[in-house]
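> build me a structure from this.
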Amino acid sequence: MKIKREEFERERNYLNKTVSLIRKKISNLGQELYNDDSKILEFKKFIWDTHAEMDPNEMRNMMAESDLQVSIMQSKGNYLQRLFKIQNKPYFGSIKFKEDGEENDIYIGITHVEDKLEYYVHDWRSPICSMFYDFETGPAYYKSPSGIINGEITRKRQYIIEDAELKNIFDNDLNISDSLLQEVLAEESSDKMKNIVNTIQEEQNKVIRNTTDKNLIVEGIAGSGKTSVALHRIAFLLYRIPNLTSNNVVIFTPNKVFSDYISNVLPELGEDNTFSMTFYDLLCQNISEYKNIENFTDFLSRYYKGREANFNIIKYKQSDEIIKDLDLYIEDIVNNIMFTKELSFDNFIEVSVDDLNNMLHNKYNRFPLFERVHEIAKRIAYNNYDGSTKKASSIERELKDNLNIKLDLKDIFNNFFKSKYSKISYVTDNQYLCYEDACLFLYLKSLLVGFNTNHIIKQVVIDEAQDYNKLQYQIIKRTFKTANYTILGDTNQTINPYYKFKSLEELRDVFDSSKYIKLTKTYRSTDKIINYTNKILGLNHVTAIRNQKSSDIIFRNDVKKEDFIKDITYLQSISKSIAIITKNDDEAEFIYDNLKDCFDIILIDGLNRIKRDLVVVPSYIAKGLEFDSVIIYTKKDNQYAEKDKYLYYVACTRAQHNLIIYNRES
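A predicted model of the protein is given here:
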């Protein structure tokens, strides 16, 4: 809807007034922080100079007062940083909301701006702003602390603001402006993921603002904004939940490249970045018994290079079935382990076999097996050395020698594959632990030693959820046992060839009090790219949102170096980011070696930081990323087969605007 000139001028004046207020606040806060810093230093000096004269209660009160002043100062500093970020773009949208006959303009931005209890800008996460995402013009409501507030949205508006100048206004009767959304989608991608706070869609908003369900399981098609939704949900929860900080949140990502790619979003939203880790990090943190552990990328590479001959063995190791087999195996060990002789220690300690076994199977059976022996040793030391446990470790060694089963984790793990509980016979390497074995070993170790429980983390986000098996989810769940979970993925983008969910809804069996949600619209690719990728997997339910004129997909066969040079040169003239996506890392290295003298090109191996002007990347590292233009390359004798269709789908759906496919018929 076209905006009248006088209305445009009114909006421009409001913007100028808001920007002026923000800059005044920045100046005032800066002075306040300078003054506060001086006061705190003086206060600490006073405490130090007079601490000898204070009694303990006075000292505690003074220290508490000091800590409170520091906390207030930090809060001011954080708000000052947020104001700095928004001073040239204070808001992106507004609604005119009519309640009880009175209309109010609600301007919506990254953070709130108010003066003398008058709100110039509302934080997008505040309850009243939910209407901007959830309703068209007409009847609307929001949930306030006092209850449901009903009213009517009489106008919905979005703004393009650059360098504190109002460039454009969109009035919209429909949910989140088609005009602005298309303008945002038409932008070229950059090295970092951007926030989507000004174009959050209704189905995405329902995930972001859900505080009713303890655990959310979100299944969304390629390009549906799952990762963006996850990050905006974190920002919302940090705003909404008292005492929740970024230090209480962890995000599981597929690799370091992906972690770097998303690292900009939370700071853009005015929040500190959370902890980010891969499942491989969790393995390395908890397994010290092996010198080297294979990472997930190398695990996949073994298969896609055609170097893994034991497909069925690995498939069993990745299966749900092996969880039950390991549980039964450990249960058998726990039930049948026993001391075979009495304990004689230090010439005066004597404990009978019966007493030892009673402690092992009854008195201390609430502990994991290895911990039981440790607790028995501590109790014996405490009882015999006047409450001292200094000799507990020596007693523990004696106790372990008296058992009928050797308490060695490596031996117990290897013996599983020789036992009646295993469906395969297998011998592990004593120094190097394959990824699939590392997952099993950590699960087995945790059952025997105890899970390394983390109570600091209160919110866990797992992205690319389809590439974890249920055993891994059991490990994560028991490690962060008091946390709430947001789990996001797409079974159509499964790159683990040994394990596949029919639907992520299966995870409701693992995570109780969970809600399953589907995201069905894709905002990444053009209609022609979506139509092609649909055919790869036989999909027909994917909805394309982009409406700009799309380029045809190009197919080339018998590709030579000259074809690469020609296509890359053309794509560089129309794109900011280009990826050559190969099937495996051997092909990626081959392409990189052939093109590095012709272009400024980067080889991405899962460990380095991403700079996306022009990259060559294996398909299983590219997942989660997006590029303006993509070239899909495989050698003619290594084309994607039927068994690789999900990997091929992942590779092709990285493209936003242009897709060129080498060595494959259309």
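> before we move on, what SS does residue 651 have?
helix (DSSP: H, G, I helix; E, B strand; the rest coil).
> contact partners for it?
The contact partners of residue 651, by CB atoms under 8 Å, 6 or more residues apart in numbering, come to 581, 583, 619, 622, 630, 632. Bear in mind the C-beta positions are built from the backbone N, C-alpha and C, glycine included.
> from these, which single one is nearest residue 405?
Checking the contacts of residue 651 against residue 405 by CB to CB gives residue 619 as the nearest, at 45.0 Å.
> hmm, back to that, and the contacts of residue 651, which of them are in helices?
If you go by DSSP state H, the contacts of residue 651 have 619, 622 in helices.
> now for the contacts of residue 651: which two are most distant?
Using CB to CB for every pair in the contacts of residue 651, the one that comes out farthest apart is 583 and 630, at 13.5 Å.
> these two: which is more packed in?
A side-by-side neighbour count of residue 583 and residue 630, using other CB atoms under 10 Å, places residue 630 first with 30 against 23.
> what about stretch 243-251, start to end distance?
19 Å (CA to CA, to the nearest Å).
> now that stretch: average pLDDT?
Per-region confidence: stretch 243-251 scores 95 on mean pLDDT.
> look up the closest residue to residue 322, ignoring the ones flanking it.
residue 316 (6.1 Å; CB to CB, 6 or more residues apart in numbering).
> what helix or strand is that neighbour on?
helix 311-317 (DSSP states H and E).
> list the buried ones in that helix?
Residues 313-314, 316-317 are the ones in helix 311-317 that count as buried (16 or more other CB atoms under 10 Å).
> residues in contact with the helix or strand following that helix?
Downstream of helix 311-317, the first helix or strand assigned by DSSP H and E is helix 321-336. The contact list for helix 321-336, computed with CB under 8 Å, 6+ apart, reads 316, 369, 404-405, 412, 416, 419, 421-423, 440, 443-444, 447-448, 470-471, 474.
> show me where the stretch 401-550 of the chain has its helices.
Remark: helices assigned in the stretch 401-550 of the chain by DSSP state H, counting those that start in this stretch are 409-416, 435-449, 470-479, 527-537.
> which one of these lies nearest to residue 88?
Of all the helices of the stretch 401-550 of the chain, helix 527-537 comes closest under CB to CB, at 34.5 Å.
> buried set for that closest one?
Neighbour-count burial for helix 527-537 flags 527-534, 536 (criterion: 16+ other CB under 10 Å).
> likewise stretch 402-422?
402-403, 405, 407, 409, 412-413, 416-417, 421-422.
> identify the bridge partners of the residue nearest the centre of the chain.
When CA atoms, centre = their mean is applied to the chain, the residue found nearest the centroid is residue 251 (3.1 Å). Note on residue 251: beta-bridge partners by DSSP bridges are residue 276, residue 461.
> report the contact partners of it.
230, 234, 259, 262, 274-277, 461-463.
> which one of those sits closest to residue 129?
Out of the contacts of residue 251, the member with the shortest distance to residue 129 (by CB to CB) is residue 234, at 17.2 Å.
> burial count for the closest one?
Residue 234 has 24 nearby residues by other CB under 10 Å.
> tell me the SS of it?
Going by three-state DSSP: residue 234 is helix.
> how close does it get to residue 25?
As judged by CB to CB, to the nearest Å, residue 234 and residue 25 stand 26 Å apart.
> how much space between the nearest residue to residue 211 once chain neighbours are set aside and residue 29?
Sequence neighbours aside, residue 240 is the residue nearest to residue 211 in space, at 6.2 Å (criterion: CB to CB, 6+ apart). From residue 240 across to residue 29, the span is 24 Å (CB to CB).
> between the two, who's got more neighbours?
Under the criterion of other CB under 10 Å, the comparison of residue 240 against residue 29 puts residue 29 first, with 18 against 13.
> show me the contacts for that one.
Residue 29 makes contacts with 76, 79-80, 83, as judged by CB under 8 Å, 6+ apart.
> out of these, which one sits closest to residue 213?
residue 79 (30.6 Å).
> backbone phi and psi for that closest one, please?
Phi and psi for residue 79, reported as degrees, to the nearest 10, are phi -70, psi -40.
> once you drop chain neighbours, what's closest to it?
Excluding its sequence neighbours, the residue lying closest to residue 79 (CB to CB, 6+ apart) is residue 29, at 6.9 Å.
> tell me if the one you found really is in a helix.
Yes. The assignment for residue 29 by three-state DSSP puts it in a helix.
> can you map out the helices along the stretch 1-150 of the chain?
5-50, 56-86, 130-134.
> among these, which comes closest to residue 106?
Here helix 130-134 is closest among these (CB to CB), at 7.7 Å.
> identify the residues contacting the closest one?
93, 95, 97, 106, 108, 124, 140-143, 153, 156, 175-176, 200-202, 204-206, 209.
> which of the residues you listed are buried, as a ChimeraX select command?
To isolate the buried members of the contacts of helix 130-134 in ChimeraX, using 16+ other CB under 10 Å:
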select :93,95,97,106,108,124,140,141,142,153,156,175,176,200,201,204,205,206,209
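> among the contacts of helix 130-134, which lie within strands?
By the criterion of DSSP state E, membership of the contacts of helix 130-134 in strands covers 93, 95, 97, 106, 108, 140-143, 153, 156.
> closest one to residue 386 out of those residues, please.
Once CB to CB is applied, the member of the ones in strands among the contacts of helix 130-134 that ends up nearest residue 386 is residue 143, at 61.6 Å.
> chain neighbours aside, what residue packs nearest to that closest one?
Using CB to CB, 6+ apart and skipping residues adjacent in sequence, the residue nearest residue 143 is residue 127, 5.6 Å away.
> so the one you found is in contact with residue 141, correct?
No. Using CB atoms under 8 Å as the test, residue 127 is too far from residue 141 to be in contact (10.2 Å).
> element containing residue 660?
strand 655-662.
> which residues touch residue 388?
381-382.
> state the distance from it to residue 367.
Separation of residue 388 from residue 367 (CB to CB) stands at 21 Å.
> ok, residue 415 next?
Taking CB to CB, one finds residue 415 at 22 Å from residue 367.
> same question, residue 133
According to CB to CB, residue 133 and residue 367 sit 49 Å apart.
> and for residue 355?
Residue 355 is 17 Å from residue 367, where distance means CB to CB.
> and what of residue 286?
In terms of CB to CB, residue 286 sits 18 Å off from residue 367.
> also residue 378?
11 Å.
> ok, residues contacting the helix holding residue 316?
With CB under 8 Å, 6+ apart, helix 311-317 has contacts from 303, 308, 322, 423-424, 426, 436-437, 439-440, 497-499.
> among those, which one sits closest to residue 61?
Set against residue 61, the nearest of those by CB to CB is residue 439 (51.6 Å).
> and that closest one, how far from residue 457?
For residue 439, the distance to residue 457 - CB to CB - is 20 Å.
> now swap in residue 265 and tell me
Distance from residue 265 to residue 457, counting by CB to CB: 19 Å.
> isn't residue 222 right up against residue 524?
Yes. Counting by CB under 8 Å, residue 222 touches residue 524, with 6.8 Å between them.
> give me the common contacts of those two.
What both residue 222 and residue 524 touch, as defined by CB under 8 Å, 6+ apart, is the set residue 653.
> and residue 554, how many neighbours?
Residue 554 has 14 nearby residues by other CB under 10 Å.
> wait, what's in contact with it?
If you count contacts by CB under 8 Å, 6+ apart, then residue 554 has 567, 659-661 around it.
> just among those residues, which is most surrounded?
Taking other CB under 10 Å as the neighbour criterion, residue 659 ranks highest of the contacts of residue 554 with 27 neighbours.
> bridging residues for that residue?
With DSSP bridges as the rule, residue 659 is bridged to residue 630.
> show me the contacts for it.
529, 532, 553-554, 629-630, 632, 652.
> any idea how far residue 250 is from it?
Taking CB to CB, one finds residue 659 at 35 Å from residue 250.
> ok, now residue 236?
17 Å.
> now residue 558
48 Å.
> which one of the two is surrounded by more residues?
When residue 558 and residue 250 are compared for neighbours, residue 250 comes out ahead with 24 against 8, by other CB under 10 Å.
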